[in-house]
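Student: Compute the structure for the input listed below.
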Amino acid sequence: MSITRCHMMVMVNFQIFISMLTKYVRDTSASQRARAIYRTPSPGSIDSGFGSDFERLRLTESKDQVQKQDQKSQSYAKRSKSRRSSSNERKWFRCDEVTEDYSDADDVYENKRQSTKRQSSFSLDEVALSEIRYIGDLGGGGFAKVDLVEIKRFPGRKYALKRLSKRAARNQEEYLRSEQETLLRARSRFIPRLFQTFETSSHLLLLTEACLGGDLFSVLERNGILPDNVTRYVIACVIEALEHLHETLGVIHRDVKTENILVDSNGIAKLGDLGFCKRLSLNECVETHTFCGTPGYCAPEMLNGGANERFCDFFSTGVVMFECATCRSPFRRQSHRETKRATLRGIDDVTFPPHLGPVTAHAIRSFCANSPNRRLGALGCEEVRRHDNFRSFSWDRLRNGGMKSPLLDLR
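Tutor: A predicted model of the protein is given here:
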C-alpha cells in the first residue's frame, strides 16, 4: 500500500515538474525572440525567470534605447548621403577620378583613386614591341609597309605601325631618320601623331595614329569629282599642316600628293609620309638642292635642279586641288619625260573643264605659277587664307575642331 502511494506521489511530482519546465521553456523562447526584435544584449548573469515584471521592464527600456539609436543612425545616413550628393555635383572632378566620399577609410579610397589615375594616364611610351598585335594591312610603298595593329593590354584601340626596311632603303636611311625626327617634333592635328618608335636589326618601326578613312587618292577613286566645299576643306587642312611644318618646325615636305593626304575617322585630312621632309637652315638661304618627290607634283624649279624652297609645297598643293576638282592630273602623262615637259610648260597650257568656277580656277593657277615668287603662298599661309576661294571659310573653327568635316558626308 505504501509502495503504491509513493508511486502516485512520484507521478504527480513528475507531472508538476514537466508542466513547470514547459512553461519555463515557453517563456524563455518568447524572451529570446523579444531580444532579437529589439536588439537587446544577452541578459548575462540576470535570470529572466518565468517572464517576470523585471524582465518585461528591462525589454521596454532596451526598446526605447534601440529606437533612439536607430534614429541617430538614420540621421547619420541622411547626412552621409547629402555629403555624397554634394560631392558628385562638383564640376571640377576629372572623368578618370573616383568621386566617392572620403570621410571614412581615407587611405583605402585614396589608394584606389591613385590606382585609377595611373591606369587612365597610361602612356604608349611604355609599350614594348612584343605587346603589339597585328590586325591587317593598311598600305605600303617602295620600302615601307603600314599595318593596322592594336596593343594587347588595350584591345579595341587601333594604331598604324609603319615598318621601314633598312635593307630596301640602304641609300635612303637619311629619309627614314628625317621622318622619325619630324614626326617626333610635330604637334598639329593635321599631321598624324607619332606615339612610339622601335628599331630592330632589319627594320625601323613607327607607331602612329591610324587614319582609317584611307588616303585622298582612294576617296577620289570612290567618289569621283569632289564638291567645292569638300575640296576647300581638304586644301585648308593641307595649308594648316604646311604652316606647322614651315614656320614651327622649319622643314619643307617636298612630296605633297593625294596618296600622302590621309583621312582619319573624324574626317580630318592629315598630311603624312614625311620621309622627304628637309630641315631648312636658319639663315637667309633657306633652300636645298636635293631632287625628290613624285613626277606630276614636283615644281618646275625642282625639275630644273634649282633650289627646293617652301614654295614647292604650294605648287604641289595646287596640283592636289586640281585633282580634287577634276579627278584628273594637270601634268601627268604616259612617261616621266612627257610629264616633265608638261610641268615645265606650266599651268597656263592646261585646259580647265567648264564646270570649274573662276575663283577655284584662279586659286589653282596661282598655286601652280611657274615663278616661285609669284606663287600663292609665297608670302606665307596667311596669303592663302585671304584668297577669295576661302572668303567665307572659318579657319578658326577648323583649327579648334569645331567644324564638321564634309568628308564624312561622302559615301
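Student: mean confidence score for stretch 293-311?
Tutor: Taken as a whole, stretch 293-311 carries a mean pLDDT of 87.
Student: Next: stretch 318-333.
Tutor: 96.
Student: Can you get me the start-to-end distance on it?
Tutor: One end of stretch 318-333 sits 17 Å from the other (Cα to Cα, to the nearest Å).
Student: which stretches of this structure form strands?
Tutor: 132-140, 144-151, 154-165, 194-199, 203-209, 251-252, 261-263, 269-271, 278-279 (DSSP state E).
Student: With mean neighbour count added, can I get the ones you listed in JSON lines?
Tutor: Where you see a C-beta, it was placed from the backbone N, CA and C, and this is true even at glycine. Putting the strands of the chain into JSON lines (neighbours: other Cβ atoms under 10 Å) gives the following:
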{"stretch": "strand 132-140", "mean neighbour count": "13"}
{"stretch": "strand 144-151", "mean neighbour count": "19"}
{"stretch": "strand 154-165", "mean neighbour count": "17"}
{"stretch": "strand 194-199", "mean neighbour count": "16"}
{"stretch": "strand 203-209", "mean neighbour count": "20"}
{"stretch": "strand 251-252", "mean neighbour count": "23"}
{"stretch": "strand 261-263", "mean neighbour count": "25"}
{"stretch": "strand 269-271", "mean neighbour count": "26"}
{"stretch": "strand 278-279", "mean neighbour count": "16"}
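Student: which stretch in these is the model least sure about?
Tutor: Minimum mean pLDDT among the strands of the chain: strand 278-279, a mean of 81.
Student: show me what contacts residue 124?
Tutor: 151, 195, 196, 207 (Cβ atoms under 8 Å, 6 or more residues apart in numbering).
Student: Pull up the gap between it and residue 209, please.
Tutor: 10 Å (Cβ to Cβ, to the nearest Å).
Student: shared neighbours, those two?
Tutor: residue 195.
Student: What is the nearest of the contacts of residue 124 to residue 334?
Tutor: Nearest to residue 334 among those, counting by Cβ to Cβ, is residue 207 at 39.3 Å.
Student: Apart from its neighbours in sequence, what residue is nearest residue 269?
Tutor: residue 237 (3.8 Å; Cβ to Cβ, 6 or more residues apart in numbering).
Student: what about that neighbour, neighbour count?
Tutor: Using other Cβ atoms under 10 Å, residue 237 has 25 other residues around it.
Student: residue boundaries of the helices in this protein?
Tutor: Assigned by DSSP state H, the chain shows helices spanning 2-38, 53-88, 106-120, 173-185, 216-223, 228-243, 300-303, 311-326, 336-345, 358-367, 381-385, 395-400.
Student: Worst mean pLDDT among the ones you listed?
Tutor: For the helices of the chain, where the average pLDDT is lowest is helix 106-120, sitting at a mean of 40.
Student: Can you name the residues that contact residue 162?
Tutor: 144, 145, 146, 205, 206, 208.
Student: Show the contacting residues for the first one.
Tutor: If I follow you right, that is residue 144. Residue 144 sits next to 162, 163, 164, 165, 169, 275 when contact means Cβ under 8 Å, 6+ apart.
Student: Redo those as JSON lines? Include distance to residue 366.
Tutor: Shown next, in JSON lines, are these (distance: Cβ to Cβ, whole Å):
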{"residue": "162", "distance to residue 366": "34"}
{"residue": "163", "distance to residue 366": "39"}
{"residue": "164", "distance to residue 366": "36"}
{"residue": "165", "distance to residue 366": "40"}
{"residue": "169", "distance to residue 366": "36"}
{"residue": "275", "distance to residue 366": "28"}
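Student: thinking again about what came up before, ok, now how distant is the residue nearest to residue 269 from residue 372?
Tutor: Per Cβ to Cβ, residue 237 is found 23 Å from residue 372.
Student: again, but for residue 217
Tutor: 26 Å.
Student: of these two, who's got more company?
Tutor: More neighbours surround residue 372 than the other of residue 217 and residue 372, with 19 against 14 (other Cβ under 10 Å).
Student: tally of neighbours for the nearest residue to that one once chain neighbours are set aside?
Tutor: Distances taken as Cβ to Cβ, 6+ apart put residue 311 closest to residue 372, at 3.8 Å, once the chain neighbours are dropped. Neighbours of residue 311 under the rule other Cβ under 10 Å: 22.
Student: Check residue 239 too.
Tutor: Considering only other Cβ under 10 Å, residue 239 is surrounded by 23 other residues.
Student: Could you do residue 361 as well?
Tutor: 16.
Student: Who are the contact partners of it?
Tutor: Contacts of residue 361 by Cβ under 8 Å, 6+ apart are residue 352.
Student: Tell me, what's the model's pLDDT at residue 143?
Tutor: Residue 143 is given a pLDDT of 70.
Student: Oops, could you answer that again for residue 130 instead?
Tutor: In this prediction residue 130 is given a pLDDT of 90.
Student: Alright, that wraps it up for me.
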